[in-house]
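Engineer: Got a sequence here, can you model it:
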Amino acid sequence: AIIKRLTTIPDPLEVEHTAFGEVAALWAQAEEIDLIRLIDEVIPQHPNREISIGTFLTVGAINRALDPRSKDGVGRWIKKTVLGDLLSQPSEGFNSQSFWDAMDLVEDHHIEAIEEKLWGKILTLYHLLTDVLLWDTTNFATHMDGLTSSELAQRGKPKKGAPDQRLIGLGMAATPAIGLPFLHKVYAGNQHDAKLFPEALGLLVHRYKHLAKTSDGLTLIIDKGNNSEGNIQFGNRQGVSFIGSLKPSHFPSFLKIPLKAYTESIGSYLVHRRGAKIFGKERTVVITFHQKLYERQKKTLQARLDKVSLELEARFQEEQSKESHRHKPQILIKQYEAYLKKKGLHSFLRIKIRGKRLIIFRALRPLRNREKSFGKTILFSDRDDLSSQQIMDAYHGKNVLEEDFKFLKDRHYLHFEPVYHWTDQKIK
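Structural biologist: Below is the predicted model:
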């Protein structure tokens, strides 16, 4: 009878499934860096508070990373995970009102202090500080209407999505290879990247000096959207070096250099290296040429020109089919030229109307000038000690930061876009 009872397993009356692995791993990471205590040391709170602000923010971060929910749904999510046992706090305490009450106490200077203390802890544990950092910006769409007051949510140029949505900008510095965020700055969606950069650079240098005791030897990898002589020289005065790219249209003389002068060969790239006065100082310039990129860019432009020509022809034929109220040729030409400008192709196509014929022809000189830039990337640096390959590898490494931005916009991961908060303080 005993053997029968041990070997016969009855059907369970009830089965309860609890998420464990991912939740436990992130909770262990939070405990290793002492995240809750670190936050609670920065933000003043009532000693009789049942659930600390650090606990709320840590739980919210874990939920955001694994299964993003509204603040009202976090408590129900906790019940389905091992987090309820790890917290030793009732899940009912994690309701939306409690979250808002906790978040109301978080101010801008608290966020900066937490980020800096967190990096101090990371350096103590993992020694991750590097002499190279990446910097880039992105923006996030919101659902705010025009009547909602916000200094951050403004109409600007979206990195993607609809142009009529109000946007919030995010600038971020991160480490190479793993893309660990070192500093972030939230800014108004209509602020130009280059105008944000001096303020962000000042914060970055201050933090790096505080943690590394000096900013000498720091190299910042930037995109061409941050370029300006004032920005670069300001960074140089702080001991910061740069690796970045230049807009080909601003340096046409570099595009005229013949390919036979590209004497280095690095992988599939031909490389021309030279010195030149860039942003008020003699710097190293590395110009790369990639044959397949050249062919792809040329093919893409040809396809765009063919497509827009067909579209204009179709519009013209539709106009000609009208029995009355046809537009005059000069009005049609203005409409078509405006359409080309919107598509960014107005420099390459010319339009004439002769009777019932629409004549579209290509402007050869602008096309030849544009073709000179195909396949080429112009890099600059004040790190003359680096080889051409090291400069190229460092610049291409900024793709790690672009991956970070993709994570922030992933609806199944961190899910910060679209932004559903309605106040600047909550957005930050």
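Engineer: Okay, strands next: where are they in this protein?
Structural biologist: With DSSP state E as the criterion, the chain has strands at 132-141, 154-155, 166-174, 181-188, 219-221, 241-246, 264-266, 269-278, 281-290, 349-354, 357-362, 376-381.
Engineer: For the closest residue to Y269 other than its chain neighbours, give me its contacts.
Structural biologist: Once flanking residues are discounted, Y269 sits nearest to T288: 4.6 Å by C-beta to C-beta, 6 or more residues apart in numbering. The way it works is simple: take the backbone N, C-alpha and C, and place the C-beta from them, glycine included. For T288, the contact set (C-beta atoms under 8 Å, 6 or more residues apart in numbering) comprises I266, Y269, L270, V271, K376, T377, L379, M392.
Engineer: From V271, how far out is T288?
Structural biologist: Per C-beta to C-beta, to the nearest Å, T288 is found 5 Å from V271.
Engineer: and for the two, which residues touch both?
Structural biologist: Residues touching both T288 and V271 (C-beta under 8 Å, 6+ apart): M392.
Engineer: circling back: what's the distance between the residue nearest to Y269 and Y187?
Structural biologist: Per C-beta to C-beta, T288 is found 32 Å from Y187.
Engineer: same question, G235
Structural biologist: 18 Å.
Engineer: Can you get me the start-to-end distance on stretch 394-410?
Structural biologist: Here the two ends of stretch 394-410 are set 26 Å apart, with distance taken as C-alpha to C-alpha, to the nearest Å.
Engineer: May I see the buried residues of it?
Structural biologist: A394, Y395, G397, K398, V400, L401, D404, F405, L408, K409 (16 or more other C-beta atoms under 10 Å).
Engineer: Now I78: closest residue in space that isn't a chain neighbour?
Structural biologist: S91 (4.1 Å).
Engineer: what residues are up against that neighbour?
Structural biologist: G75, R76, I78, K79, G84.
Engineer: and which of these is nearest to P329?
Structural biologist: Of all those, R76 has the smallest distance to P329: 65.8 Å, by C-beta to C-beta.
Engineer: Report how many residues lie close to that closest one.
Structural biologist: Using other C-beta atoms under 10 Å, R76 is surrounded by 13 other residues.
Engineer: V308 contacts L345, correct?
Structural biologist: Yes: the pair V308 / L345 is scored as a contact, 5.8 Å apart, by C-beta atoms under 8 Å.
Engineer: Looking at those two now, which is surrounded by more residues?
Structural biologist: V308 (19 against 16).
Engineer: Please report how far the residue lying closest to I36 once chain neighbours are set aside lies from A102.
Structural biologist: Computed as C-beta to C-beta, 6+ apart, the closest residue to I36 that is not its neighbour in sequence is G54, at 3.8 Å. To A102, G54 is 9 Å away according to C-beta to C-beta.
Engineer: And T124, by the same measure?
Structural biologist: 27 Å.
Engineer: more crowded one of the two?
Structural biologist: Neighbour count, other C-beta under 10 Å: between T124 and A102, A102 has more, with 22 against 9.
Engineer: List the contacts of that one.
Structural biologist: Neighbouring residues of A102 by C-beta under 8 Å, 6+ apart: I51, I53, F56, L57.
Engineer: Take the strands of the chain and write them to TSV, including distance to P198 and mean pLDDT.
Structural biologist: Converted to TSV, the strands of the chain look like this (distance: least, C-beta to C-beta, whole Å; pLDDT from 0 to 100):
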stretch	distance to P198	mean pLDDT
strand 132-141	12	90
strand 154-155	19	86
strand 166-174	11	90
strand 181-188	11	92
strand 219-221	13	95
strand 241-246	14	96
strand 264-266	33	97
strand 269-278	18	96
strand 281-290	17	96
strand 349-354	39	93
strand 357-362	42	93
strand 376-381	19	97
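Engineer: got a markdown table for the ones you listed, with distance to K209 too?
Structural biologist: Below are these laid out as a markdown table (distance: least, C-beta to C-beta, whole Å):
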| stretch | distance to K209 |
| --- | --- |
| strand 132-141 | 13 |
| strand 154-155 | 32 |
| strand 166-174 | 14 |
| strand 181-188 | 12 |
| strand 219-221 | 14 |
| strand 241-246 | 15 |
| strand 264-266 | 34 |
| strand 269-278 | 26 |
| strand 281-290 | 22 |
| strand 349-354 | 53 |
| strand 357-362 | 54 |
| strand 376-381 | 22 |
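Engineer: closest one to H210 among the ones you listed?
Structural biologist: Nearest of those to H210, taken as C-beta to C-beta: strand 181-188 at 11.3 Å.
Engineer: Show me which positions of that closest one end up buried.
Structural biologist: Using 16+ other C-beta under 10 Å as the test for burial, strand 181-188 gives F182, L183, H184, K185, V186, Y187, A188.
Engineer: So the fifth one sits against M172, correct?
Structural biologist: By that I understand V186. No: counting by C-beta under 8 Å, V186 does not reach M172; the two are 9.8 Å apart.
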